[in-house]
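> No letters, just coordinates:
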């Protein structure tokens, strides 16, 4: 069992940066893939980025890969998503999710049995 808590969201202006955190508990956290998804009003939840248990492999959605960066600190059971050059279209609730390590980082919500409650990111133009 893994419990996840996101933090770091807020209201910012276009071009600003934020550092989102996903703090986990449970013995499996350090061995699991951690992914970030986001969901805007009226839209489906979409994959943003993912990082394997050892931090050596990451995957990013095309819409964010030049602006967002993942890192993880397994000693602190925390994964960080640094979001830079924010745009109004980045406005969404950001969720972190956890699932067993696999060969390829899944981009599907079905790949992750554990989810946090989300943190709101709002970007004004």
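Received, thanks. Predicted, not measured: the structure shown is a model, and the values here were computed from it.

> Please name the residues that touch the residue positioned nearest the centre of the chain.
When CA atoms, centre = their mean is applied to the chain, the residue found nearest the centroid is residue 36 (2.3 Å). Contacts for residue 36 (CB atoms under 8 Å, 6 or more residues apart in numbering) come out as 20, 22, 47-50, 70, 81, 94-97. (Glycine included, C-beta is placed from N, CA and C.)

> now do residue 45
Counted by CB under 8 Å, 6+ apart, residue 45 has contacts 37-39, 95, 109.

> that older thread, which of the contacts of residue 36 sits closest to residue 87?
residue 48 (13.3 Å; CB to CB).

> What confidence value was assigned to the closest one?
Residue 48 carries a pLDDT score of 98 in this model.

> for residue 27, same thing?
76.

> Tell me the secondary structure of it, please.
What DSSP: H, G, I helix; E, B strand; the rest coil gives for residue 27 is coil.

> Residue 22 pairs with what?
residue 6, residue 79 (DSSP bridges).

> number of nearby residues for it?
Residues lying near residue 22 (other CB atoms under 10 Å) number 27.

> Quick check, it in contact with residue 77.
No: Residue 22 lies out of contact with residue 77 (CB atoms under 8 Å); the separation is 9.2 Å.

> How many neighbouring residues does residue 55 have?
Residue 55 has 14 nearby residues by other CB under 10 Å.

> residues in contact with residue 14?
86-88, 123-125.

> what is the mean pLDDT for stretch 96-114?
The model assigns stretch 96-114 a mean pLDDT of 94.

> No more questions from me, cheers.
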